[in-house]
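Trainee: Just the structure for this:
(chains A and B)
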Amino acid sequence: MTDEHGVHRSSQHPIYQELHEAPDFAELRQRYRSFVIPWTVAFLAWYLLYVIMSNWAGGFMNTKLVGHINVALVFGLLQFASTFLIAWLYARHMNRHVDPLARKLEARYDAAIKGEGAPR
Amino acid sequence: MNGTELLTAGLFLGVVLVTVAITFWASRQTTGTSNFYAGGRQFSGFQNGMAVSGDYMSAASFLGISGLIALNGYDGFLYSIGFLVAWLVALLLVAELLRNSGRYTMADQLAYRMKQRPVRTAAATSTVVVSIFYLLAQMVGAGALVTLLLGVESEFMKAVVIAGVGLLMIFYVTVGGMKGTTWVQIVKAILLMAGTILITFLVLAKFDFNISELLGAASGNTGKGEAFLQPGLKYGIDMTSKLDFVSLGIALVLGTAGLPHILIRFYTVPTAKAARTSVMWAIGLIGSFYLMTLALGFGAAALLDTGPESKVAKSSGNLASPLLAEAVGGGTGSVGGAVLLALISAVAFATILAVVAGLTLTSASSVAHDLYANVWKKGKVSEKQEVKVAKISAFVIGGVAIALAIPAQKLNIAFLVALAFAVAASANLPSLLYNLFWKRFNTRGATWAIYGGLISCLVLVISSPVVSGKLNADGTNAALLPKTIDFSWFPLDNPGIVSIPLGFFFGWLGTVTSKEVESEAAYDEFEVRALTGAGAEQATPH
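Mentor: The predicted structure is shown next:
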């Protein structure tokens, strides 16, 4: 795992470089990043909006909707709803568009190290 | 002892016996490092999802948040929201990549492409610091529960109970390892959900399942009117408190994905896909639980005395949930009240035990695997020896936590946990994200990010009004240190707004000033492994 001086671990297998250059891998990375980056920005912005409005938009947040239920409470509950929704969308995206590519690349890795013994 | 206390003691004993039995059962298979640190990676996504929830829904969630809502109304709700939304960071950016690239500890994925010794030392340090903050919060919860149940304010009895909790957690970890700890957490998650559903149901039933009526009763009973249901009661006073609110909000949402005891849970499942499934289950369970904290908090405000001299206020809100259980069961002196009080207290006790076990295991793993096996022995150590060191570390960390918990009794648990989140977000998250997504990131960047974030966070906490110089509205001391000492200069209770950007800044600065090329060269391999799982650690066969 570590080299003689306990500095960097030595590289494990040339197959990793090969996989890194495979078009499938570029596609996988693109599919992963194009989902998680915009959605991360979106949910962080949506959450910060909630925090900021709680602080500086009292008039709006305190508006009563039904009985004692006000906008602030509904806004808070919407944060729950959006969290559940984004988690579900993410899992669906990964299952459909990313996992098949990952399994394909993993199979290439397994084939390459077969017969050589495990690399670590 | 009267009837209630006898019943409570019996239920506590029941919790202890069940968990001890689980631990013994799990210990039969706990040999070798993979079993001790990662439970053999054989847990299913659903099982681990339950365990993640069990690890995450700590005394801070169960006792702390409902207490904050009971005392401060709407402002306490921020904790519930922040604690939940934070899971998206863990799900989208961290869980699966970490599962594929690491082995046992948070440091593993850094050590994959950095110089082993400096990054492991840094990551182990921040792991232990975060875990100890978090442990403190749980121990304070244990002390508060005992004060309530024994009806005495005896400092000695509190210390005895804290020490007892400490010894139990050391037992779970040393005997049961990750497998035993995980099962304790699963059982606790079930108990906690069941207890919370029961109390929520009883509270809502009192108001004919009309939320608006519950809120109205809460605002009426506290005498604070509509302001109790609106943001700003606690944090809306002036610019400083508003910034404190933003700072808290940022730490909550960014902290979860940097919590070492949550991160290592992803190693207990066989694949990245199972890690994803566990987070999905965890989000569902945790989300439902936090929705119920609203009912608990506002229910406590509606049904209990929360004035300045009340038990709820004197415990910083920590006792709101158990007292609420007593009230909805029929009130003080009734059989129903006594049974529910005992039941909910036992659930809170189980919650505390499970979380402290997870935290102790995490720090002990990091000390043994990172510091002892890889930094000190340079990887030349037998598995048996490594596990032995982990067990010894569990004793030491447990002892430190016990010693620190006793003077921290007067702080709100959710607040203490928020500090742990701030440390995790400042010290751990920057290096974690840089490592996963930035090819150029290197050893110096990693160590600077961790130490920079950690030190700035700790310095700001020590310089904050929480430690010295804070007064209550009536002029009494509200800080940790005596009233005569005041060296605070940082105005906010929550350091995150400053320390988290500093963590990211130091990580960037360290990286661009270093000429190291090896970390960059190893990134391709790391990235393939993180994204595809090629060569990732396998489950241990039975």
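Trainee: Number of residues surrounding B:G236?
Mentor: Neighbour count of B:G236, defined by other Cβ atoms under 10 Å in any protein chain shown: 18. For glycine as for every other residue, the C-beta is placed from the backbone atoms N, C-alpha and C.
Trainee: Which single residue of chain B approaches chain A most closely?
Mentor: B:S212 (3.0 Å; Cβ to the nearest Cβ).
Trainee: distance of B:S278 from B:T351?
Mentor: Distance of B:S278 to B:T351, given as Cβ to Cβ, to the nearest Å: 19 Å.
Trainee: now do B:G141
Mentor: 8 Å.
Trainee: Equivalent analysis for B:T105, please.
Mentor: Note on B:T105: its distance to B:T351, by Cβ to Cβ, is 25 Å.
Trainee: Show me where chain A dips below the pLDDT cut-off.
Mentor: Scanning chain A for pLDDT under 70 picks out the ranges A:1-12, A:115-120.
Trainee: And the strands in it, which stretches?
Mentor: Along chain A, counting by DSSP state E, strands occupy A:64-66, A:69-70.
Trainee: Does anything pack onto the last one? Which helices or strands?
Mentor: For strand A:69-70, the elements it packs on are helix B:211-222, judged by 3 or more Cβ pairs under 8 Å, 6 or more residues apart in numbering or on different chains; DSSP states H and E.
Trainee: helix, strand or coil for the closest residue to B:P407 other than its chain neighbours?
Mentor: Excluding its sequence neighbours, the residue lying closest to B:P407 (Cβ to Cβ, 6 or more residues apart in numbering or on different chains) is B:L480, at 7.5 Å. Counting by DSSP: H, G, I helix; E, B strand; the rest coil, the backbone at B:L480 sits in coil.
Trainee: what's the answer for B:L63, then?
Mentor: Taking three-state DSSP, the label given to B:L63 is helix.
Trainee: Now for it: which residues touch it?
Mentor: By Cβ atoms under 8 Å, 6 or more residues apart in numbering or on different chains, the residues touching B:L63 are B:G141, B:A144, B:L145, B:G317, B:N318, B:L319, B:A320, B:S321, B:P322, B:A348, B:I413.
Trainee: repeat that for 10 Å
Mentor: The neighbours of B:L63, taking Cβ atoms under 10 Å, 6 or more residues apart in numbering or on different chains as the test, are B:137-138, B:140-141, B:144-145, B:296, B:315-322, B:344, B:348, B:351-352, B:412-414.
Trainee: before we move on, what about B:G223?
Mentor: Contacts of B:G223 (Cβ under 10 Å, 6+ apart): B:T306, B:G307.
Trainee: now do 8 Å
Mentor: With Cβ under 8 Å, 6+ apart as the criterion, no residue contacts B:G223.
Trainee: how many neighbours does residue 22 have?
Mentor: Going with chain A. Neighbour tally, A:A22, other Cβ under 10 Å: 16.
Trainee: wrong chain, I was asking about chain B
Mentor: 20.
Trainee: Looking at chain A, which helix is longest?
Mentor: helix A:23-56 (DSSP state H).
Trainee: Low-confidence ranges, the stretch 151-300 of chain B, go.
Mentor: Within the stretch 151-300 of chain B, the segments meeting pLDDT under 70 span B:151-153.
Trainee: Helices of that one, residue ranges please.
Mentor: B:155-171, B:177-206, B:211-222, B:239-255, B:260-263, B:272-303 (DSSP state H, counting those that start in this stretch).
Trainee: Quick check: closest non-adjacent residue to the residue of chain A found nearest chain B.
Mentor: With Cβ to the nearest Cβ as the measure, A:G67 is the residue of chain A nearest to chain B, at 3.0 Å. Of all residues not flanking A:G67 in the chain, B:S212 sits nearest, at 3.0 Å (Cβ to Cβ, 6+ apart).
Trainee: And B:Y79, by the same measure?
Mentor: Nearest one to B:Y79, counting by Cβ to Cβ, 6+ apart, is B:I65 at 4.8 Å.
Trainee: Count the neighbours of the one you found for me.
Mentor: B:I65 has 30 neighbours, counted by other Cβ under 10 Å.
Trainee: Please give me every residue in contact with it.
Mentor: B:G76, B:Y79, B:S80, B:F83, B:Y290, B:T293, B:G297, B:A414.
Trainee: Go again with 7 Å.
Mentor: For B:I65, the contact set (Cβ atoms under 7 Å, 6 or more residues apart in numbering or on different chains) comprises B:G76, B:Y79, B:S80, B:T293, B:G297, B:A414.
Trainee: ok, now how distant is it from A:R33?
Mentor: For B:I65, the distance to A:R33 - Cβ to Cβ - is 34 Å.
Trainee: Fine by me, we can end here.
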